[in-house]
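Q: A structural model of the following input is requested.
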Amino acid sequence: MMQIMIGSLEEPTGDITAEGSDRIWFHTKMRDVSGCAEVGVPERIALDLTGLDREGFKEAHATGAVQFPLLCNFRVSRSVSAGWGRGSQNTSSQTSDSHTRASQPDVPGAKIYVNSVVQEADAVDWDATVAPNAAYESILAILNILPRHDGGILFGYLKDIAPDPHCGFKLVFDNGNTSKGAAVAVLIAVNKKSKPPEPLGQGYKIVTANVCDVANPSSGAASQNAVTATTNEIIGYCTLEDMSKFDLAPPRGQPQRYAIALITKCEEIPDANANSPHMKSFLLDKLQILEQAEGCKAIPVFQRLRRLAMRLTSAHTDVQKHTLDIVEDKSQPTKKCKRLCSVPTDTSLGEQGV
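A: Predicted coordinates for the structure are as follows:
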């Protein structure tokens, strides 16, 4: 049993029921700062994360309205089995709650499959004590000797995000490290309403200007009374039905609205006035609104998450998935986490690489 801290589970896009049954069961991608993996998701996890019943989940999936919490903590069971390739009669069917069909290197006569299934999932409770701590030190040491994996979710400030012609964005940190991934999660704050929606095909384009890089201490915005930056905007695309999910107008009586934004692309727009800073435009993939108290608590957590991302400095120049060519010894006892624990240690993550 493995514990995955502060990761993201993608919503399903294909069939969501087990073969020959109306029970919910599907495979999807789980991502964290180390990369991504395919996992199986049983019905109880899907319903717990969405608050829906079985029929409600199926209806939401049919309309594309399923949305999991953007960041969660997970317990994932891992087992190994032998099979004869995808689609073979000798492999476990998708009805099995223990088979995600993630293939590992060939062995004589068969393939070895790593079977990963989500057994527990809790949305992140934004508190400073859930920030990455010294338990990550040994994980960083392993990841930094493996080939880089560009399929994970990164963490940073808006100022770290730069355009990239191939990946859509990259993170350029103050220490000189550069990272790429599937998306970057940032904590933002907005103190004004978004611009009026622009009709675009069957949907709408929503532009929110003056987005504050709220977790960045140097922006002068890491507090409730922050002054919003004027050089960042985020762009989202939505339908009429889900337009309310993109409402970043501050709540009545509050100076700003906090949110977690999942960014997949960055563009720099030069200002006509040479003395003015460039405008950065970010393409929004997902958005999760936070309550005012949650936003304030999330600031130190995102600062620590960025510190963790900065220290991922693989010595390999190869860009490939992490492939494990190992022999599983079933007689060898394995340490397992028995419950989902927010804080495995009280020791803080080191400051190296900041």
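
Q: is it true that Cys72 touches Ala123?
A: Yes - Cys72 is within contact range of Ala123, at 5.4 Å (criterion: C-beta atoms under 8 Å). From N, CA and C alone the C-beta is placed, and that goes for glycine too.

Q: These two: which has the busier surroundings?
A: Using other C-beta atoms under 10 Å as the criterion, Cys72 and Ala123 rank with Cys72 on top: 23 against 14.

Q: For stretch 37-46, buried residues please.
A: 37, 39-43, 45-46 (16 or more other C-beta atoms under 10 Å).

Q: anything in contact with each of Cys72 and Ala123?
A: By C-beta atoms under 8 Å, 6 or more residues apart in numbering, Cys72 and Ala123 have these common neighbours: Leu49.

Q: element containing Lys280, please.
A: Assigning secondary structure by DSSP states H and E places Lys280 in strand 279-290.

Q: Give the next helix or strand downstream of that strand.
A: Remark: after strand 279-290, the chain's next helix or strand is helix 292-310, criterion DSSP H and E.

Q: Centre of the chain to that following helix, how far?
A: Its chain's C-alpha centre and that of helix 292-310 lie 14 Å apart, by C-alpha atoms, centre = their mean, to the nearest Å.

Q: coming back round to it: name the residues that touch the strand holding Lys280?
A: In contact with strand 279-290 (C-beta under 8 Å, 6+ apart) are residues 67, 69-71, 126, 158, 161, 168, 183, 211, 231-236, 245-248, 257-269, 271, 298.

Q: let's go with 7 Å and repeat that
A: 69-70, 158, 161, 183, 231-236, 245-246, 257-269, 271, 298 (C-beta atoms under 7 Å, 6 or more residues apart in numbering).

Q: same deal with stretch 166-175?
A: 154, 156, 160-164, 178-180, 184, 263-266, 309-310, 353-354.

Q: How far away from the center of its chain is that stretch?
A: Going by C-alpha atoms, centre = their mean, where stretch 166-175 is centred and where its chain is centred differ by 16 Å.

Q: give the contact list for the closest residue to Leu47 other than its chain neighbours.
A: Once flanking residues are discounted, Leu47 sits nearest to Phe57: 6.1 Å by C-beta to C-beta, 6 or more residues apart in numbering. By C-beta under 7 Å, 6+ apart, the contact set of Phe57 is 24, 46-47, 50, 66.

Q: where along this protein do the helices fall?
A: Using DSSP state H, the helices of the chain run over 43-50, 54-62, 137-143, 292-310.

Q: got the residue ranges for the strands in the stretch 201-350 of the chain?
A: 203-208, 232-238, 257-269, 279-290 (DSSP state E, counting those that start in this stretch).

Q: okay, now Glu267: neighbour count?
A: Glu267 has 15 neighbours, counted by other C-beta under 10 Å.

Q: For Cys238, give its distance to Leu287.
A: Noted for Cys238: a distance of 10 Å to Leu287, by C-beta to C-beta, to the nearest Å.

Q: I meant Lys192, not that one.
A: 16 Å.

Q: what do you get for Gln3?
A: For Gln3, the distance to Leu287 - C-beta to C-beta - is 27 Å.

Q: more crowded one of the two?
A: Higher neighbour count among Gln3 and Leu287: Leu287, with 21 against 17, using other C-beta under 10 Å.

Q: Quickly list the domain ranges of the protein.
A: 2-124, 129-310 (automatic domain parsing).

Q: Please produce a markdown table containing those, extended by mean pLDDT.
A: Formatted as a markdown table, the domains of the chain follow (pLDDT from 0 to 100):
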| stretch | mean pLDDT |
| --- | --- |
| domain 2-124 | 79 |
| domain 129-310 | 83 |
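
Q: Which of the contacts of stretch 166-175 are buried? Put it as a PyMOL command.
A: In PyMOL syntax, the buried subset of the contacts of stretch 166-175 is picked out as below (16+ other C-beta under 10 Å):
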select buried, resi 154+156+160+161+179+180+184+263+264+265+266+309+310+353
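
Q: doesn't Val117 make contact with Arg78?
A: No - between Arg78 and Val117 there is no contact under C-beta atoms under 7 Å: 8.3 Å.

Q: that older thread, out of the strands of the stretch 201-350 of the chain, flag the one nearest Val33.
A: Of all the strands of the stretch 201-350 of the chain, strand 257-269 sits nearest to Val33, with 13.6 Å by C-beta to C-beta.

Q: which residues touch that closest one?
A: 70-71, 161-163, 168-169, 183-190, 214, 234, 248-251, 278-290, 292, 294-295.

Q: Try it again at 6 Å.
A: 70, 161, 163, 168-169, 183-186, 188-190, 248, 250, 278-290, 295 (C-beta atoms under 6 Å, 6 or more residues apart in numbering).

Q: strand partners of it, parallel vs antiparallel please.
A: strand 183-190 (antiparallel), strand 279-290 (antiparallel) (DSSP bridges).

Q: In JSON lines, list those along with distance to Val207.
A: Converted to JSON lines, the strands paired with strand 257-269 look like this (distance: least, C-beta to C-beta, whole Å):
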{"stretch": "strand 183-190", "distance to Val207": "12"}
{"stretch": "strand 279-290", "distance to Val207": "8"}
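
Q: Just name the most buried of those.
A: Across the strands paired with strand 257-269, averaging neighbours per residue (mean count of other C-beta atoms under 10 Å) puts strand 183-190 on top, at a mean of 26.
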